[in-house]
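Novice: mind looking at a prediction? Sequence and model below.
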Amino acid sequence: MKIILVTDAWRPQVNGVVTTLVELVRELEKVGHQIEVIHPGMFKTRPCPGYAGIDLAVKPKQQLRQMLESANFDAIHLATEGPLGWAARGICRHHQWRFTTAYHTRFPEVLKAAIRLPLFLGYALFKRFHRHSAGVMVPTTGVQNLLKMRGFQNLRPWTHGVDVELFNYAHEPQSYPPLSQLKRPIAVYVGRVSYEKNIETFLKMPFEGSKVVCGVGPLEENLKSRFDGITWLGLLPRPELAKVYQACDVFVFPSQHETFGLVMLEAMACGTPVAAYPVDGPQEVLQNQLTGEVKGGVLNEDLALATQSALNIPRYLARQRSLEFSWEQSCQLFIQNLVVAKI
């Protein structure tokens, strides 16, 4: 099958959406599909306001129209709701091509936190984007229910996976030179240092040990200036990131507005248990949806208590839970959700 993937999130950006799409493309090609990725690097770009490191295509519609009209493809998927996604949506509508979309990020909550845009306006905008999609792929049951209540239609489940070879298991916390002098236990957060991640809760919560932040983002300098005693590692290559997970005692995930949270799976694959709030993303990653059993971490409305309790979770249980997710399964679900573009 020839598939066109249009995305505003692609390398060199570093975030969960990019990781998901890169792994998806790899798996699709592995099973014989042909993928053409259309991304911001193919267009004139400018930095996204307030989000350093994320460049967006500038007025891409004419160039994108030429690319799509000259391409042969069986299916087209619009991965994001940015300038490329909106432009591709308009072109597909003009040609009456059927397409699928994905809901990777709870942007209405991001916009509320960043610019105080009311939630109802944010959801109205994104509902419009997805309105004509033949299949809106969502990563968790909770997000699917949320969008259904908001009036979204054609929702399709699409879970994610983890590379358990790259993020390999450590039966006990390993030595990692940049962290070797820190007092244990070591609690780590990995991800964007941005509005929607609720990182401040992690930084100010009581913890008898050391705290580490790995990532960059628009709130980084502000938080560095306000919180002492935090180790900031910045942006690391993924093999180096695996060493960080392996070196830490607990992974703390403070976000309350996450569609999934791949970093939790990466930490668990390395054997590092997770502490998180009992909300959509963490519940999908940690909790069996049939039995309700939580495995590999602790969910609690008190993040400090969850963190302390997670220190007692055996590392092998975190690894076991991560093995229940795979990119192969994610790829199969994605293919099932696609539709023939031209009928």
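Specialist: That came through, no problem. Numbering: from 1, shown residues only.
Novice: what about residue 189, distance to residue 282?
Specialist: 13 Å (C-beta to C-beta, to the nearest Å). The way it works is simple: take the backbone N, C-alpha and C, and place the C-beta from them, glycine included.
Novice: what is in contact with these two at once?
Specialist: residue 253 (C-beta atoms under 8 Å, 6 or more residues apart in numbering).
Novice: so what's residue 270 up against?
Specialist: 167, 168, 169, 170, 242, 245, 246, 318, 319.
Novice: make sure the first one is actually in contact with residue 242.
Specialist: Yes: here residue 167 lies in contact with residue 242, judged by C-beta atoms under 8 Å, at a distance of 5.0 Å.
Novice: joint contacts of those two?
Specialist: Common neighbours of residue 167 and residue 242 (C-beta under 8 Å, 6+ apart) are 266, 270.
Novice: count of neighbours near the closest residue to residue 133 other than its chain neighbours?
Specialist: Nearest residue to residue 133, sequence neighbours excluded (C-beta to C-beta, 6 or more residues apart in numbering): residue 101, at 4.1 Å. Residue crowding around residue 101 was assessed by other C-beta atoms under 10 Å; the count is 27.
Novice: and what of residue 339?
Specialist: Neighbour number of residue 339 under other C-beta under 10 Å is 17.
Novice: looking at it, it is touching residue 97, isn't it?
Specialist: No: judged on C-beta under 8 Å, residue 339 makes no contact with residue 97 at a distance of 9.7 Å.
Novice: longest helix of this structure?
Specialist: Criterion DSSP state H: the longest helix present in the chain is helix 16-30.
Novice: what's next to the next helix or strand after it, contact-wise?
Specialist: Using DSSP states H and E, the helix or strand that follows helix 16-30 towards the C-terminus is strand 34-38. Applying C-beta under 8 Å, 6+ apart, the external contacts of strand 34-38 come out as 1-7, 10, 21, 25, 28-29, 64, 67, 71, 73, 84, 88.
Novice: whichever of those end up buried, select them in ChimeraX.
Specialist: One line in ChimeraX is enough to select the buried ones among these; burial here means 16 or more other C-beta atoms under 10 Å:
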select :3,4,5,6,7,10,21,25,28,64,67,73,84,88
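Novice: which ones among the contacts of strand 34-38 are found in strands?
Specialist: Counting by DSSP state E, the part of those found in strands is 2, 3, 4, 5, 6.
Novice: buried set for stretch 88-95?
Specialist: By neighbour count on 16+ other C-beta under 10 Å, the buried set for stretch 88-95 is 88, 89, 91, 92.
Novice: can you give me every residue that contacts residue 224?
Specialist: Taking C-beta under 8 Å, 6+ apart as the criterion, residue 224 is in contact with 230, 232.
Novice: helices of this structure, start to end?
Specialist: Taking DSSP H, the helices of the chain run over residues 16-30, 61-69, 83-95, 107-115, 119-130, 141-149, 199-204, 220-226, 238-247, 262-269, 280-286, 303-310, 315-322, 327-337.
Novice: for residue 179, find the nearest of those helices.
Specialist: helix 238-247 (5.3 Å; C-beta to C-beta).
Novice: packing partners of the closest one?
Specialist: strand 186-190, strand 210-214, helix 262-269 (3 or more C-beta pairs under 8 Å, 6 or more residues apart in numbering; DSSP states H and E).
Novice: and the pLDDT for the residue nearest to residue 265 when sequence neighbours are not counted?
Specialist: Excluding its sequence neighbours, the residue lying closest to residue 265 (C-beta to C-beta, 6+ apart) is residue 162, at 3.9 Å. Here, the pLDDT recorded for residue 162 equals 96.
Novice: surely residue 162 touches residue 264?
Specialist: No: here residue 162 lies out of contact with residue 264, judged by C-beta under 8 Å, at a distance of 9.1 Å.
Novice: out of the two, which sits in the busier spot?
Specialist: A direct count of neighbours by other C-beta under 10 Å for residue 162 and residue 264 places residue 264 higher, at 31 against 26.
Novice: residues contacting residue 256?
Specialist: 198, 277, 279.
Novice: among those residues, who's most crowded?
Specialist: Of the contacts of residue 256, with other C-beta under 10 Å as the count, residue 277 tops at 22 neighbours.
Novice: how close does the residue nearest to it when sequence neighbours are not counted get to residue 101?
Specialist: Distance criterion C-beta to C-beta, 6+ apart; nearest residue to residue 277, sequence neighbours excluded, is residue 256 at 5.3 Å. Plainly put, residue 256 is 24 Å away from residue 101 if you go by C-beta to C-beta.
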